[in-house]
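Trainee: predicted model follows, preceded by the sequence.
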Amino acid sequence: MLLLTTAFAQDKCDPESTLALATDEFNAGHFYGLEAILKPCISNKTFTKEQLVRAYQLLTQTYLILENPAAAEESYLNLLSANPEYVSNPERDPIDVVYLSKKFTATPIFSWFAHASGNITLPRVIEDNEINVGSRQQYTIKPRWSAGGGVIWNYNDKLTAELGLDFSSNTFGYYEDEIFIDDNLTMTENQLSLQMPFSIKYTHVRQGLSPYGYAGISGSLLLSSNQSFLLVDRTPGATASEGLEQSSEFELNNRFRRDAINRAAHIGAGFRWKYKLDYLFVDLRYSFGLNNIVRNDNSVRDVNDIFPSSVSAFKAGYIDDYFRLDQAMITIGYIKPIYKPRKLKRARTTRGVLKDVKSKSNE
C-alpha cells in the first residue's frame with residue numbers, strides 16, 4: 001500500500017490510472033491513502049473538470065466515512081467549484097453524501113449579460129400639428145441597432161430581476177405629399193441615446209430551450225437628434241415636359257426640440273439555451289413610449305430662441321407633431337452566471353431524500 005501511494009505521489013500523474021487506483025482502494029476499504037493518491041493530479045491541475053468531480057466525490061465519501069466532517073465539506077465545495085451544476089442523486093450517491101449536499105449550493109446570486117439588437121422606431125402621434133391643409137402625411141420606419149449589457153439578480157432559478165444599460169441608435173422618417181397639390185417633403189430623424197431598462201423575468205426552466213417572458217420600465221437620455229429634409233417644389237406647365245422641379249436639402253440639429261429624459265414601458269419574450277455553464281438567448285421586445293418627446297415651446301424657434309427664416313417651419317413648412325416613440329427590437333445575447341459555491345445558513349429540506357429512501361426500502 002505504501003509503495004503504491006509513493007509511486008503516485010509525484011509531480012506527474014496519469015489521471016485515469018490515478019482515478020482507477022483511487023476507486024479500487026476505496027472499494028477495498030483503504031481510505032487513509034486516498035488523499036495522497038489523488039493530491040498530485042489535483043495540485044498539478046491534470047484532471048479534467050469531469051475527472052476532478054469524480055476525485056472530489058471519492059474524497060467527500062472518504063472523509064464522511066472517516067468522520068471528518070470539515071474535510072468532507074471542503075471537498076464538496078471543491079466539487080461544486082469544478083461543476084457548479086452538480087446535483088447529488090439518491091440513486092447514485094450514498095445517502096450521507098446526499099444529506100451533506102443539502103447544506104450547500106452553487107446557484108448564482110448574480111449574472112451578467114451582453115447583447116446586440118436590431119430595432120425599428122415607431123412614432124405614435126398624440127396631436128397632429130398640420131401646416132399644409134389638404135396634404136397627406138405618414139411616418140416611415142427604418143432599421144437601426146443597439147448594444148449593451150447589464151446585471152441579473154437571481155431570486156431563484158425561475159424569477160430574476162435585470163438592470164441594463166444600452167447605447168441605442170434610432171431613426172424614423174416622415175413623408176408628406178400633395179403640398180400645394182404637387183410638392184412633397186421627406187424628413188429623416190436620427191437619434192442617439194442611452195437607455196436603462198429594468199425588467200422582471202419569469203423563465204420556464206427545462207432541458208434544451210427554456211422560454212421566458214418579462215415586463216418592465218426604462219428611462220432614456222437623449223444624446224443627439226438631427227433631422228435631414230428634402231423638399232421637392234414642382235411648378236406644373238402646360239405639359240409634363242414644360243413643368244419645373246426644384247429640390248432643396250438641409251439638415252437641422254433638433255436636440256433642443258426634444259425632451260432629454262424620456263420614459264417607456266416594455267414587454268418581451270424569448271428563449272435561452274445552455275452553452276456549457278453559460279447561456280445564449282434570443283428575444284423580441286416591444287417598448288411603449290410613455291411621454292411626449294416634443295418640446296412645444298421650441299416648435300418654430302431655433303436654439304437661440306428666435307424665429308429665423310432658415311428653420312424647418314419656414315423653409316420646409318414642417319412642424320413636429322406631438323408624439324411618443326415606440327420601439328420594437330430583436331435581440332441576441334449571452335448570459336454569464338457568476339457561480340458561487342457556498343454553505344447555506346439553513347440546509348434545504350431533505351423531504352425528497354427521505355421519500356426516495358422509503359420507496360427503496362419498500363421495494
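Mentor: Arrived safely.
Trainee: who touches stretch 126-146?
Mentor: Stretch 126-146 is contacted from outside by 116-123, 125, 166-180, 188, 195, 292, 299, 313, 317-324, 329, using C-beta atoms under 8 Å, 6 or more residues apart in numbering. Just so you know, the C-beta spots here come from the backbone N, C-alpha and C atoms, and that holds for glycine as well.
Trainee: wait, what's in contact with the residue most central in space within the chain?
Mentor: Closest residue to the average C-alpha location of the chain: residue 113 at 4.5 Å, with C-alpha atoms, centre = their mean. Taking C-beta under 8 Å, 6+ apart, we find residue 113 in contact with 149, 150, 151, 152, 162, 164, 281, 333, 334, 335, 336.
Trainee: go on, residue 341?
Mentor: Residue 341 is in contact with 77, 80, 81, 84, 104, 105, 106, counting by C-beta under 8 Å, 6+ apart.
Trainee: got phi/psi on the nearest residue to it once chain neighbours are set aside?
Mentor: Excluding the flanking residues, the one nearest residue 341 by C-beta to C-beta, 6 or more residues apart in numbering is residue 80, at 3.6 Å. Main-chain torsions, residue 80, degrees, to the nearest 10: phi -70, psi -30.
Trainee: distance of residue 80 relative to residue 340?
Mentor: 9 Å (C-beta to C-beta, to the nearest Å).
Trainee: burial count for residue 107?
Mentor: Neighbours of residue 107 under the rule other C-beta atoms under 10 Å: 15.
Trainee: these two touch, right, residue 260 and residue 224?
Mentor: No: the pair residue 260 / residue 224 is not scored as a contact, 10.8 Å apart, by C-beta atoms under 8 Å.
Trainee: intersection of neighbour lists for the two?
Mentor: By C-beta under 8 Å, 6+ apart, residue 260 and residue 224 have no common neighbours.
Trainee: which SS class is the nearest residue to residue 278 once chain neighbours are set aside?
Mentor: Closest residue to residue 278 apart from its sequence neighbours, by C-beta to C-beta, 6+ apart: residue 336 at 5.3 Å. The three-state label given to residue 336 by DSSP: H, G, I helix; E, B strand; the rest coil is strand.
Trainee: tell me what the helix or strand where residue 225 lies is packed against?
Mentor: Assigned by DSSP states H and E, residue 225 belongs to strand 209-235. Counting contacts by 3 or more C-beta pairs under 8 Å, 6 or more residues apart in numbering; DSSP states H and E, strand 209-235 packs against strand 159-179, strand 183-203, strand 244-253, strand 261-275, helix 312-315.
Trainee: can I get the second one as CSV, trimmed to CA atoms?
Mentor: Listed in CSV are the C-alpha atoms of strand 183-203, where the atom choice follows Å, rounded to 0.1, in the frame of the first residue of the first chain:
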residue,chain,number,x,y,z
ASP,A,183,-44.9,69.4,-53.8
ASN,A,184,-43.6,66.8,-51.4
LEU,A,185,-41.4,66.7,-48.3
THR,A,186,-39.2,63.9,-46.9
MET,A,187,-37.7,64.1,-43.4
THR,A,188,-35.5,61.7,-41.6
GLU,A,189,-34.6,62.0,-37.9
ASN,A,190,-31.6,60.2,-36.4
GLN,A,191,-31.2,59.9,-32.6
LEU,A,192,-28.5,58.5,-30.3
SER,A,193,-29.5,57.7,-26.7
LEU,A,194,-28.6,55.8,-23.6
GLN,A,195,-31.3,53.6,-22.3
MET,A,196,-31.6,51.9,-18.9
PRO,A,197,-34.2,49.1,-18.9
PHE,A,198,-35.3,47.4,-15.7
SER,A,199,-37.2,44.1,-16.1
ILE,A,200,-38.8,41.3,-14.1
LYS,A,201,-38.4,38.0,-15.9
TYR,A,202,-40.0,34.6,-15.5
THR,A,203,-38.3,31.5,-17.1
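Trainee: you'd agree residue 15 is up against residue 46?
Mentor: Yes: counting by C-beta under 8 Å, residue 15 touches residue 46, with 5.3 Å between them.
Trainee: just to revisit the earlier point, just the angle between the host helix or strand of the residue nearest to the centre of the chain and strand 183-203, please?
Mentor: Secondary structure assignment for residue 113, by DSSP H and E: strand 110-127. Orientation check (axes from the mean of the first three to the mean of the last three C-alpha atoms, to 10 degrees): strand 110-127 against strand 183-203 gives 140 degrees.
Trainee: direction included, what does the helix or strand following strand 110-127 pair up with?
Mentor: For strand 110-127, the following helix or strand on the C-terminal side (DSSP H and E) is strand 136-141. Here strand 136-141 is paired, per DSSP bridges, with strand 159-179 (antiparallel).
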